[in-house]
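**Q** Fold the following and give me the result.
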Amino acid sequence: MGAIDTELACIDPAALAAAVTRELDPLVGRIDRGLYPGDALRALGAQGAFRHHLATQRPDGRRDVAGAIDALAAIGRSCGSSAFMGWCQDACAWYVEQGASDTLRRELLPRLASGEVLGGTGMSNPMKYFASIERLALQGTRVPGGWRVSGRLPWVSNLGPDHVFGTAFMPLGPDGAPRTGAGVEVMALVRCDWPGVTMTEVPPFLAMDGTGTYGLAFDGVFVPDDHVLADPIGPWLKRIRNGFVLMQVGIGAGIVEGCVELMRESNLRLGHVNAFLEDGPDQIEDELGALHDRVAVLAEAVLDPADARFAEVLTARLMASELTLRATQSAMLHTGAGGYSLASPAQRRLREGYFVAIVTPAIKHLRKELDRLMRAGVR
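**A** Numbers count the residues shown, from 1 in each chain. As a prediction, the model looks like this:
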């Protein structure tokens, strides 16, 4: 179970692109209307889509976060929802590789890397909690051999009955009082089929209905010690935060690439009038290339815990959100009235673009964190 498949670890971008065309492209419309593409995600995982950033799952032992971002972009060029689910998969595996559980690294990580097991990230609430935006939703009490965790997470994506996900909870003492201090929370890997975990379908979204998103209730869920990834969370969080945020750039990059294609297709017929629009395909493509170069440099130092490095990562992520919004709007304007058809990819891209701007960390979250770091003297 823990062995690395050399063929799968040596990722071929052309093979991944072919798998996207074969497995994902025919499903995009149905995914947009609520189909969860589990089999397609597993097929992409079989082509190595989710192992680039995992040094322990590659025969060369080299961590390639830039490659992970490029793989997500290849998926997002076809389907933004699927790129988001790919990021969830990458993030879940990232938690495990960087976590404290040798058992999970040995038994689960290879299956996450290959797509055999699919996983989500229940860190939207914790990340907002660490930015002083929300209260931490889960609480845990120490019991022999692990923790009993209760509470409710309103949104967790890339889930199914046999999936896993990572999340954080506040540890309570015997008197019911929470631990005090910064970074004292606990990070753990949870299985959806554990007793006490209840999955509830969420109301329909504007977009992203096919992302396997559920509300999760925890009723005294037992989390064994071998599923604890960090206790306390502080040092671990500084180690994973750059990768968590930076890999999201791949979602936006893929959507932007898809929008550039739409604009160029529209220009074959409407180029004489589209020339009067701002943010044409050449300009958007040039800015995406500059962002790609910036992200590639940041990816080389992804484990750097310094706040100054994190500020650079947050800035790149903010740039990705803003560029995605501009590209999706421009694709809609280039397409014109035809973009209003429910069959048009332009309107789907517009809705996907808003998701890139509001998914954690949202634009307002990114700007709040950058303001905090600037006020703390981080440059």
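
**Q** list the contacts for the residue nearest the centre of the chain?
**A** Taking C-alpha atoms, centre = their mean, the centroid of the chain lies closest to Trp87, which sits 3.3 Å from it. By C-beta atoms under 8 Å, 6 or more residues apart in numbering, Trp87 lies in contact with 72, 247-248, 250-251. Quick note: C-beta positions are derived from backbone N, CA and C, even for glycine.

**Q** Can you add pLDDT and distance to Gln329 and give the residues you listed back as CSV?
**A** Shown next, in CSV, are the contacts of Trp87 (pLDDT from 0 to 100; distance: C-beta to C-beta, whole Å):
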residue, pLDDT, distance to Gln329
Leu72, 98, 22
Met247, 98, 24
Gln248, 98, 20
Gly250, 98, 20
Ile251, 98, 17
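
**Q** where along the chain do the strands fall?
**A** 119-122, 138-143, 146-156, 164-172, 186-191, 197-201, 214-224, 228-230 (DSSP state E).

**Q** Please tabulate these in JSON lines, including the columns mean pLDDT, mean neighbour count and distance to Ile358.
**A** As requested, these are arranged in JSON lines below (pLDDT from 0 to 100; neighbours: other C-beta atoms under 10 Å; distance: least, C-beta to C-beta, whole Å):
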{"stretch": "strand 119-122", "mean pLDDT": "96", "mean neighbour count": "27", "distance to Ile358": "16"}
{"stretch": "strand 138-143", "mean pLDDT": "97", "mean neighbour count": "18", "distance to Ile358": "22"}
{"stretch": "strand 146-156", "mean pLDDT": "97", "mean neighbour count": "19", "distance to Ile358": "11"}
{"stretch": "strand 164-172", "mean pLDDT": "98", "mean neighbour count": "24", "distance to Ile358": "20"}
{"stretch": "strand 186-191", "mean pLDDT": "98", "mean neighbour count": "24", "distance to Ile358": "24"}
{"stretch": "strand 197-201", "mean pLDDT": "97", "mean neighbour count": "13", "distance to Ile358": "20"}
{"stretch": "strand 214-224", "mean pLDDT": "98", "mean neighbour count": "18", "distance to Ile358": "18"}
{"stretch": "strand 228-230", "mean pLDDT": "98", "mean neighbour count": "22", "distance to Ile358": "27"}
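
**Q** how near is Met332 to Gly338?
**A** Between Met332 and Gly338 the computed distance is 10 Å (C-beta to C-beta, to the nearest Å).

**Q** likewise Phe50?
**A** 35 Å.

**Q** What residue spans form the domains of this protein?
**A** Here the domain assignment for the chain is 6-118, 124-232, 248-375, based on automatic domain parsing.

**Q** what about the shortest one, how long is it end to end?
**A** Distance between the two ends of domain 124-232: 18 Å, counting by C-alpha to C-alpha, to the nearest Å.

**Q** excluding its backbone neighbours, what's nearest Thr324?
**A** Gly252 (4.0 Å; C-beta to C-beta, 6 or more residues apart in numbering).

**Q** do Ala91 as well
**A** Leaving aside its sequence neighbours, Ala91 sits nearest to Thr121 (C-beta to C-beta, 6+ apart; 4.3 Å).

**Q** now do Val228
**A** Per C-beta to C-beta, 6+ apart, closest to Val228 is Ala188, 5.1 Å.

**Q** quick one: contacts for that neighbour?
**A** Ala188 touches 147, 149, 166-169, 223, 227-229, counting by C-beta under 8 Å, 6+ apart.

**Q** Below-threshold pLDDT in this structure: ranges please.
**A** Applying pLDDT under 70 to the chain picks out residues 1-11.

**Q** count of residues packed around Thr211?
**A** Using other C-beta atoms under 10 Å, Thr211 has 24 other residues around it.

**Q** what's the spacing between the closest residue to it other than its chain neighbours and Phe205?
**A** Spatial nearest neighbour of Thr211, excluding adjacent residues (C-beta to C-beta, 6+ apart): Ser157 at 4.7 Å. Ser157 sits 11 Å away from Phe205, going by C-beta to C-beta.

**Q** So if I had to pick from those two, which one is more boxed in?
**A** Neighbour totals were compared for Ser157 and Phe205, and Ser157 leads with 22 against 15 (other C-beta under 10 Å).

**Q** so what's that one up against?
**A** Counting by C-beta under 8 Å, 6+ apart, Ser157 touches 84-85, 88, 120-121, 208, 211-213.

**Q** Reformat these as JSON lines; add distance to Ala343.
**A** As requested, the contacts of Ser157 are arranged in JSON lines below (distance: C-beta to C-beta, whole Å):
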{"residue": "Phe84", "distance to Ala343": "22"}
{"residue": "Met85", "distance to Ala343": "23"}
{"residue": "Cys88", "distance to Ala343": "27"}
{"residue": "Gly120", "distance to Ala343": "30"}
{"residue": "Thr121", "distance to Ala343": "32"}
{"residue": "Met208", "distance to Ala343": "18"}
{"residue": "Thr211", "distance to Ala343": "21"}
{"residue": "Gly212", "distance to Ala343": "24"}
{"residue": "Thr213", "distance to Ala343": "24"}
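
**Q** Which pair in those residues has the greatest spatial separation?
**A** Thr121 and Met208 (14.5 Å; C-beta to C-beta).

**Q** Please enumerate the shared neighbours of Ser157 and Phe205.
**A** By C-beta under 8 Å, 6+ apart, the residues touching both Ser157 and Phe205 are Thr213.

**Q** of Phe50 and Gly338, who's got more company?
**A** Legend: neighbour count by other C-beta under 10 Å for Phe50 and Gly338, higher for Phe50 (32 against 14).

**Q** Now that one: phi and psi?
**A** phi -110, psi 20 (degrees, to the nearest 10).

**Q** now swap in the one 3 residues further on and tell me
**A** When read as degrees, to the nearest 10, the backbone of His53 gives phi -90, psi 0.
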